[in-house]
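Chemist: A predicted structure for the sequence below; I have some questions about it.
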Amino acid sequence: MTTVQLEYVVAVDTYRSFVTAAEKCFVTQPTLSMQIQKLEDELGVKMFDRSKLPVVPTEIGSAVIAQARVILKENARIREIIADQKKEVQGTLKVGIIPTLAPYLLPRVLTAFMKKYPKVKLEVWEYSTEQIIQLLRQEQLDCGLLATPLHNQHLEEHPLFYENFVIFTAKSHKLSDKKLIQPEDLETKDIWVLNEGHCMRNQVLNICRDKFSMGEFKNLEYNTGSVETLKRMVELNEGYTILPELSLQDLSAKQMNMVRFFKAPEPVREISLVTHRYFIKQAVIEAFKKEILAQVPEKMKAKKTRKVIDIGLNKK
C-alpha cells in the first residue's frame, strides 16, 4: 500500500470517474486503474462498483476511502510541521469566495498577501455558498470566504468581521426621506434582490421577514447575480435595494447621497474563513486570515449590538 494509491482512490471517489481522476492526478487512466487494482488485490476487497456511472464506492470501499483521507491529511501535516518550524509560509492555497464579497474585499487583500508571501501560489474561485461547502467537503478547496453561520458539522468557521447591510434608494422613493431605516419601513413591491442561489438574497428576505410573508416576494426579483447591477437598477429606475457595506467604498458623492443606514441593532452578515473540520495548511491559512483582517475596517471586527442575519441554509 502506498500514499500514491491512496491518492488515486480518493481522487476517483471525489470525481466519480476514473478518467477525470487520472487527469486531476496528471497520470494516464490505465496507470491509475492499475494502481487501484493492485491496492484492491492487496486488501482483498473491491473499492468501487465499476458497473455504475458515475462510479460509486462499495460499502467497504467507502470505509477504506474515509480512512485514506485521514492518512493523506496526516501525511500532509508532516510538511506543515516542517514549514512551521522553519517559519515559512509557502505552498498552494485554494480559496473559494462568494461573488457578493469578492470584488470588494479581494483586490487589496491579494496584492498585499502576494507581496508579503511570494512563495505562496494563491488560486481563487468565485462560487456560490453551496458550491464552496461541497468543494470544502471534497477537499478541493483549502478554505472559503463566505457568510455564516452555515450549520454544517463537517466544517470549521472562523468569524472575521461583521458587515452592515445598508439601503441604496432612489431619490424618488419615500425611504430617501428617512435618516435611519427600520425593517418595518421596507416595502417589498419596490425592492430589487439577487436571484436564487445567492445567500445574500436569503439574508435580504430575512431582514424583511418580520413584516412580510415569503409568498409576497414571488414577483419581486430581477434575475441578476450582481450587486453592481442592483445599484444600476436603482439609479436608472425606481425602488431600492439592500447592499453590503463594503460595496460602498467606490461610490461617488452623488451615489452616497442615495445610501441610508439601519437603526440599531443594525442587520449584518457575519463573514468567516471556513475550512474543513480537519483542515491542514494552518500556517498559510493563518497568514491569509491575518492579511484579511489587516484590510478590514476596525469597526467591522466587533459584533456589538448588531443582528447577524441567517443565510437560510439547512443544518447538515
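Modeler: Thanks, I have the structure now.
Chemist: Buried ones in stretch 107-127, by neighbour count?
Modeler: Of all the residues in stretch 107-127, those buried under the rule 16 or more other Cβ atoms under 10 Å are 109, 110, 113, 117, 120, 126, 127. In this view, the C-beta of every residue, glycine as well, is placed from N, C-alpha and C.
Chemist: And those residues, which two are furthest apart?
Modeler: Looking at these by Cβ to Cβ, the two members farthest from one another are 117 and 127, with 23.2 Å of separation.
Chemist: Can you show me the CA trace of stretch 5-20 as CSV?
Modeler: The C-alpha atoms that make up stretch 5-20 are tabulated as CSV, following Å, rounded to 0.1, in the frame of the first residue of the first chain:
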residue,chain,number,x,y,z
GLN,A,5,-2.5,4.5,-4.4
LEU,A,6,-4.5,6.2,-1.6
GLU,A,7,-4.4,9.5,-3.5
TYR,A,8,-5.8,7.7,-6.6
VAL,A,9,-8.7,6.1,-4.8
VAL,A,10,-9.6,9.4,-3.1
ALA,A,11,-9.5,11.1,-6.5
VAL,A,12,-11.9,8.6,-8.0
ASP,A,13,-14.2,9.0,-5.0
THR,A,14,-14.1,12.8,-5.4
TYR,A,15,-14.7,12.9,-9.1
ARG,A,16,-16.6,9.7,-9.5
SER,A,17,-14.8,9.0,-12.7
PHE,A,18,-11.5,7.1,-13.5
VAL,A,19,-10.9,9.3,-16.5
THR,A,20,-11.3,12.6,-14.6
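Chemist: for this structure, what spans make up the strands?
Modeler: 48-49, 56-57, 91-97, 120-126, 143-148, 155-169, 180-181, 191-192, 240-244, 259-262, 267-276, 307-308 (DSSP state E).
Chemist: From the contact counts, what lies against the last one?
Modeler: Contact here means 3 or more Cβ pairs under 8 Å, 6 or more residues apart in numbering; DSSP states H and E; on that basis strand 307-308 packs against strand 267-276.
Chemist: returning to that earlier point: which one of the buried residues of stretch 107-127 is nearest to residue 68?
Modeler: Taking Cβ to Cβ as the measure, residue 68 sits nearest to residue 127 out of the buried residues of stretch 107-127, at 25.6 Å.
Chemist: excluding its backbone neighbours, what's nearest the closest one?
Modeler: Spatial nearest neighbour of residue 127, excluding adjacent residues (Cβ to Cβ, 6 or more residues apart in numbering): residue 96 at 4.8 Å.
Chemist: now do residue 29
Modeler: Of all residues not flanking residue 29 in the chain, residue 22 sits nearest, at 4.2 Å (Cβ to Cβ, 6+ apart).
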